[in-house]
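Novice: Mind folding the following:
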Amino acid sequence: MAQPEKFDALVIGAGQAGVPLSRALAASGRRTAIVEREHVAGTCINEGCTPTKTMIASARAAYSARRAGLYGVLTGAVSVDMRKVRQRKRDIVLSWRESSERRILDTEGLELIRGEARFTGPLTIEVRLPGGSVRCLSAKTIVINAGTRPRVPDLAGLAEVPYLTSTSIMELDRVPEHLLILGGGYVAAEFAQMFRRFGSAVSIVERGGQLLGQEDPDVAQALADIFAQDGIEVLLESRARSVAAGKDGGLRLRLSTPAGERTLEGSHLLLAVGRTPNTDSLQPEAGGVRLDARGFIVANDRLETTAAGVYAAGDLKGGPAFTHIAYDDFRVLRTNLLGEGGASIDGRLVPYTVFTDPELGRVGLTEKQARELGRSVKVAQLPMDYVARALEIEETRGFMKAVVDLPSDQILGAAVLAIHGGELMALIQVAMMGRVTASTLREGIFTHPTFAESLNNLFASWRE
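Specialist: Here you go, the predicted structure:
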């Protein structure tokens, strides 16, 4: 084997942690390379946040057009041109991807290497380039930011029928007649409502007892009720047994449900049953990097792996799979590798938003988690049809909920299922960060009429 080219730092994967970290390493005077096998900017820009939220905006426009009569605005029939929806999505993705790539190429001391990396030994990798040649590289510091991909379940007949993932479904050029979705998590929820608004019939098949299994039951039930209003079929405690080709190019999905065996006829099948870490081709074990039973990289609260000098960031280390968490991983590594050190991911708040309509903004402990921890809590809850601004704009579905520590009056967590739920949640998150009490928010002066003033009433509406 040829002697490896020596770098000061190598970053594997040009995602939301890898790109800013590689630039920071290079700016510090370290000779740095970032290796990317597919698209610069990672899942978020190419296959996740950016394209899905762009398409959700199109779906929201169709929904608003159909509801225009509620506001006294008369419209004609509403139809959706999926080719235009897709092109708008592609244009925005390409613009953001190219911007990210330009930042890499314009950074002195940073080399972008396109190819697939794998470990060949401690602090040593080889990169198979698109033409088939191989470069051997080594560095004192290696950061793995290789991400995840949609998981394909072991389902009888799946190899014989066409199916969609969260990536491929966004490339459809027509609206599915009947979309079947395996899984009832965050990805499934967003695509279910999106395509229902585009005009598809939609059926969700979830093996658990509720949608969004990590949420409190009342939150999950409220979203299920909203989906029922929207005409989305939700089958809970139901397991897919097999899939086969159906009539007219469609497919037949056989299920076990609480009511017995059932077969769904659909035109398209979306797999939304989780994600798989991109560690199989990386061969991290050859570099001394240990994996857990699911193939995720084992890392401590400083993002150090089991191999000295090798760090992990983003989705492939397990835990919360959110862009903002990957970016915070970058901040932790920047502090520890280039700054004063001592940064940790331990105890950080993990906010997130499910971009259904209404949105579900979440931060901190759920009610269930708080009670399981033995915390003495009270719960504030306010339906959105008690919020003046929501009534004025005819967006009253959902509710706000906050979990508060009884002894200290500190907010432990919140779930906001509401129009602009993510933004409302962020207000509560800021209060949590600043240790502002629930009583202080109850007495705060907020502009009328805004959604923010609903915090007054939320923290005056208690149940224990």
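Novice: pLDDT score for the residue nearest to H268 when sequence neighbours are not counted?
Specialist: Nearest in space to H268, with sequence neighbours left out and distances taken as CB to CB, 6 or more residues apart in numbering, is P176 at 4.1 Å. (Each C-beta comes from the backbone N, C-alpha and C, glycine too.) For P176, the pLDDT comes out at 98.
Novice: before we move on, what about R463?
Specialist: For R463, pLDDT reads 83.
Novice: same thing with M1?
Specialist: Note on M1: pLDDT of 58.
Novice: got the contact list for the closest residue to S256 other than its chain neighbours?
Specialist: Closest residue in space to S256, ignoring its immediate chain neighbours: R239 at 4.8 Å, by CB to CB, 6+ apart. Counting by CB atoms under 8 Å, 6 or more residues apart in numbering, R239 makes contact with V205, R207, L255, S256.
Novice: Could you report the distance from R239 to I169?
Specialist: R239 is 22 Å from I169, where distance means CB to CB, to the nearest Å.
Novice: my guess is the residue nearest to H268 meets S200, correct?
Specialist: Yes - contact criterion CB atoms under 8 Å: P176 and S200 qualify, at 4.7 Å.
Novice: What residues sit buried inside stretch 273-289?
Specialist: For stretch 273-289, burial by neighbour count (16 or more other CB atoms under 10 Å) applies to V273, R275, P277, N278, T279, L282, P284, G287, G288, V289.
Novice: Next one: the second one from V387, what distance?
Specialist: Going from R275 to V387 by CB to CB gives 35 Å.
Novice: What are the buried residues along whichever helix or strand E265 is part of?
Specialist: If you go by DSSP states H and E, E265 is part of strand 260-266. Neighbour counts over strand 260-266 (16+ other CB under 10 Å) mark L264, G266 as buried.
Novice: Now which of the contacts of R239 would you call buried?
Specialist: By neighbour count, with 16+ other CB under 10 Å, the contacts of R239 hold V205, R207, L255 as buried.
Novice: Quick check: of those residues, which lies closest to D405?
Specialist: Set against D405, the nearest of the buried ones among the contacts of R239 by CB to CB is R207 (34.2 Å).
Novice: Can you read off the backbone torsions of the nearest residue in space to the closest one that is not next to it in sequence?
Specialist: Spatially, and ignoring its direct neighbours in sequence, R207 is nearest to R239 (5.1 Å; CB to CB, 6+ apart). For R239, the backbone dihedrals are phi -120, psi 130 (criterion: degrees, to the nearest 10).
Novice: can you check C136 too?
Specialist: Residue torsions, per degrees, to the nearest 10, at C136 are phi -100, psi 130.
Novice: Could you find the closest non-adjacent residue to it?
Specialist: P4 (4.0 Å).
Novice: one step back: would you check how far apart the residue nearest to S256 and N145 are?
Specialist: 35 Å.
Novice: again with L155
Specialist: Taken as CB to CB, the span from L155 to N145 is 30 Å.
Novice: quick one: contacts for the residue nearest the centre of the chain?
Specialist: For the chain, F322 is the residue whose C-alpha lies nearest the centre (CA atoms, centre = their mean; 4.9 Å). Shown in contact with F322 (CB under 8 Å, 6+ apart): V350, Y352.
Novice: and if we set it to 7 Å?
Specialist: By CB atoms under 7 Å, 6 or more residues apart in numbering, the residues touching F322 are Y352.
Novice: repeat for R83
Specialist: Counting by CB under 7 Å, 6+ apart, R83 makes contact with D173.
Novice: can you tell me which helix or strand it belongs to?
Specialist: helix 82-105.
Novice: quick one: buried residues of that helix?
Specialist: For helix 82-105, using 16+ other CB under 10 Å, the buried residues are M82, V85, R86, K89, I92, V93, W96, R97, S100, E101, R103, I104.
Novice: Measure how far it is from the centre of its chain, please.
Specialist: 19 Å (CA atoms, centre = their mean, to the nearest Å).
Novice: Can you tell me the strand partners of the helix or strand following it and which way each runs?
Specialist: Heading C-terminal from helix 82-105, the first helix or strand you meet, by DSSP H and E, is strand 110-114. With DSSP bridges as the test, strand 110-114 is paired with strand 32-36 (parallel).
Novice: Quick check: which helices or strands does the next helix-or-strand element following the strand it pairs with pack against?
Specialist: Using DSSP H and E, the next helix or strand after strand 32-36 towards the C-terminus is helix 42-46. Packing contacts for helix 42-46, counted by 3 or more CB pairs under 7 Å, 6 or more residues apart in numbering; DSSP states H and E, involve helix 82-105.
Novice: avg pLDDT for the helix it packs on?
Specialist: Averaged across helix 82-105, pLDDT comes to 98.
Novice: okay, that helix in PDB with CA atoms only?
Specialist: Only the C-alpha atoms of helix 82-105 are listed here, as PDB (Å, rounded to 0.1, in the frame of the first residue of the first chain):
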ATOM      1  CA  MET A  82     -46.300  18.100  -9.300                       C
ATOM      2  CA  ARG A  83     -43.700  18.900 -11.900                       C
ATOM      3  CA  LYS A  84     -43.700  22.500 -10.900                       C
ATOM      4  CA  VAL A  85     -43.700  21.600  -7.200                       C
ATOM      5  CA  ARG A  86     -40.700  19.300  -7.900                       C
ATOM      6  CA  GLN A  87     -38.800  21.900  -9.900                       C
ATOM      7  CA  ARG A  88     -39.300  24.600  -7.300                       C
ATOM      8  CA  LYS A  89     -37.900  22.100  -4.700                       C
ATOM      9  CA  ARG A  90     -35.000  21.200  -7.000                       C
ATOM     10  CA  ASP A  91     -34.100  24.900  -7.700                       C
ATOM     11  CA  ILE A  92     -33.900  25.700  -4.000                       C
ATOM     12  CA  VAL A  93     -32.000  22.600  -3.100                       C
ATOM     13  CA  LEU A  94     -29.400  23.300  -5.900                       C
ATOM     14  CA  SER A  95     -29.000  26.900  -4.800                       C
ATOM     15  CA  TRP A  96     -28.300  26.000  -1.200                       C
ATOM     16  CA  ARG A  97     -26.000  23.100  -2.100                       C
ATOM     17  CA  GLU A  98     -24.000  25.200  -4.500                       C
ATOM     18  CA  SER A  99     -23.600  27.900  -1.800                       C
ATOM     19  CA  SER A 100     -22.300  25.400   0.700                       C
ATOM     20  CA  GLU A 101     -19.900  24.000  -1.900                       C
ATOM     21  CA  ARG A 102     -18.600  27.500  -2.700                       C
ATOM     22  CA  ARG A 103     -17.800  28.100   0.900                       C
ATOM     23  CA  ILE A 104     -15.700  25.000   1.000                       C
ATOM     24  CA  LEU A 105     -13.900  25.800  -2.300                       C
END
